[in-house]
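*Asks:* sequence first, then the predicted structure, then my questions.
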Amino acid sequence: MLDPVAIRAGLASEAMLPVTIYCYDQVGSTMDVARTAIQSLPPAALPVLVVAEEQTAGRGRLGRRWFAPPGSALLFSLGLYPPPIATTTPTALIWMAAVALIEAIERETPLRVGLKWPNDVLVQTATGWAKTAGILLEGGWDKNRLVWAIIGCGVNISAAPDPEVTRYPATALAIAAATPIDRLQFLQTLLQRYDYWFRQLQAGDSEFLWQTWRNRLLTLGQVVQITTLTDIICGEAIDVDRNGSLIVRDGSGALRWIESGDVGIIGDHASDV
Amino acid sequence: MKDETTELPADQSDPFGLAAVRDLLQMLERSDVYEITIERGDTKLHVKRGHAGGIIYPTPMPAAPTIQPLPTTPVTPFVQPPPAPEGPPVEMPAGHTITAPMVGTFYAAPSPKDRPFVQEGDEVRVGDTVGIIEAMKMMNEIESEVAGRVARILVKNGQPVEYGQPLMVIEPL
């Protein structure tokens, strides 16, 4: 089982995050534990990292269940007060979560890594791109400012979910890379990348992070289908804007700005992405 | 694969008539016209393109998964000033109006299987979650800033919302 002392041992002493680390054998959801921790801890004790070997009520977007056998995944939530720049541009935290994970996978495995808008981290396998992690963000607002945020992340390390229950081809890092992955070392590398980008945001700079995130998007240039609760939009994903919205040119030639929805990639490159 | 989110109704209330504005903008983009004013009763809608012959949208940058020089388009803040609708506002009950702090998709419940956070007639306390707005897979909880009773809910589950758009009216008790 991962423990706070071991995790801390691999981090720089001057790291800004995490300040507090909690490790559990089993929790309902690390998101809920992090939420309680944000409410109960003094501000100086944040960011708080909550790690669990197993979740009994892990969740993804729109309450979708997240399954992983005990110890097979890296399951954590990072609760924080957002840097000032992210209180009005909270999508910077989404870019941070995705970019840090991409960089950690590249440092710890030989895998080729890409990003499906806005934050699905994919690795290349013999049969195409597959999802190896899920990222979920929750935030609380007061008077038009983001006051707290939790980045939730589940990384499949040694076991992939049953393909019957996933919405997208899924794998695990150790399976895709065909080599064992040390969970502790992977978490430490990931936290170092979080720390790097968190410092950039604390310094008021989201530009380099946005550039890095944008450059990793496999979605751009592809024909996509976006499913929202009310609409299905088809067209070419031509770019993202500075807020992170996906800009799609639909069949009539009109530009559509997409802020949310499930993005599926169709058309000529469907087998690649 | 089955998408559990597509079964919900497409019905939308649109107090600012933003759908009409969006349609007009698309019509403008496909035509030579760069200014339209529509008046109906005491409601007036005036849409003008930034410059004649151009497109009202920001210039898209070429898509490329490679490193590119810094783009020069200005940074648009995530939070933008609320739209200033012309004409009289939609009739609303008296009370405190909770507005959307961002552009996104409104959800009335934590998941499609859950009950709504609040329904009309419910009492809420300060800090109670009344809905979620999703933007780029970030689930943003919207809290009530006042205690009272939910007098009117102005948005539907799954509805796209604009910055500053009224979500619900809380009648203080």
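*Replies:* That came through, no problem. Numbering: from 1, shown residues only, chains lettered A, B, ... in the order given.

*Asks:* and the one residue in chain B that gets nearest to chain A, how many residues sit next to it?
*Replies:* Residue nearest to chain A within chain B (CB to the nearest CB): residue B:111, separated by 2.2 Å. Heads up, the C-betas are built off the backbone N, CA and C, glycines and all. Counted with other CB atoms under 10 Å in any protein chain shown, residues neighbouring residue B:111 total 16.

*Asks:* residue ranges with poor pLDDT in the stretch 1-150 of chain A?
*Replies:* In the predicted model of the stretch 1-150 of chain A, residues A:61-63, A:66 satisfy pLDDT under 70.

*Asks:* switch the cut-off to 90
*Replies:* Within the stretch 1-150 of chain A, the stretches with pLDDT under 90 are A:1, A:55-71, A:87-91, A:119, A:127, A:141-145.

*Asks:* and it, which of its residues are near chain B?
*Replies:* A:59, A:61-64, A:88-91, A:93-94, A:114, A:118-119, A:135-146, A:149 (CB under 8 Å from any CB of the partner chain).

*Asks:* confirm that the residue of chain B closest to chain A sits in a strand.
*Replies:* No: counting by DSSP: H, G, I helix; E, B strand; the rest coil, one finds residue B:111 to be coil, located in no strand.

*Asks:* that one contacts residue A:65, correct?
*Replies:* No: counting by CB atoms under 8 Å, residue B:111 stays clear of residue A:65, with 9.6 Å between them.

*Asks:* for the host helix or strand of residue A:257, packing partners?
*Replies:* Secondary structure assignment for residue A:257, by DSSP states H and E: strand A:255-258. Packing partners of strand A:255-258 (3 or more CB pairs under 8 Å, 6 or more residues apart in numbering or on different chains; DSSP states H and E): strand A:232-240, strand A:246-250.

*Asks:* would CSV of those with distance to residue A:4, mean neighbour count and mean pLDDT be doable?
*Replies:* Supplementary listing: the helices and strands packed on strand A:255-258 in CSV, determined by distance: least, CB to CB, whole Å; neighbours: other CB atoms under 10 Å in any protein chain shown; pLDDT from 0 to 100:
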stretch, distance to residue A:4, mean neighbour count, mean pLDDT
strand A:232-240, 37, 19, 92
strand A:246-250, 38, 20, 93
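
*Asks:* export those to JSON lines and tack on distance to residue B:151?
*Replies:* Below are the helices and strands packed on strand A:255-258 laid out as JSON lines (distance: least, CB to CB, whole Å):
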{"stretch": "strand A:232-240", "distance to residue B:151": "34"}
{"stretch": "strand A:246-250", "distance to residue B:151": "36"}
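
*Asks:* between these, which one is closest to chain B.
*Replies:* Using CB to the nearest CB as the measure, strand A:232-240 is the one of the helices and strands packed on strand A:255-258 that comes nearest chain B, at 4.4 Å.

*Asks:* looking at the residues of the stretch 1-150 of chain A next to chain B, which are in helices?
*Replies:* With DSSP state H as the criterion, helices contain A:88, A:91, A:93, A:94 from among these.

*Asks:* chain center to stretch A:101-117, what's the gap?
*Replies:* From the chain centre to the centre of stretch A:101-117 is a distance of 12 Å (CA atoms, centre = their mean, to the nearest Å).

*Asks:* repeat for stretch A:112-124
*Replies:* 10 Å.

*Asks:* what about residue A:165, how many neighbours?
*Replies:* 11.

*Asks:* now it: how far from residue A:67?
*Replies:* Taking CB to CB, to the nearest Å as the measure, residue A:165 falls 7 Å from residue A:67.

*Asks:* residues contacting the helix or strand harbouring residue A:36, please?
*Replies:* Per DSSP H and E: residue A:36 is located in helix A:30-40. By CB atoms under 8 Å, 6 or more residues apart in numbering or on different chains, the surrounding residues in contact with helix A:30-40 are A:20, A:22, A:24, A:27, A:46, A:48, A:50-52, A:55, A:57-59, A:75-81, A:136, A:138, A:148, A:150, A:152.

*Asks:* ok, and for that helix, which residues are buried?
*Replies:* Within helix A:30-40, the residues that count as buried by 16 or more other CB atoms under 10 Å in any protein chain shown are A:30, A:31, A:32, A:33, A:34, A:35, A:37, A:38.
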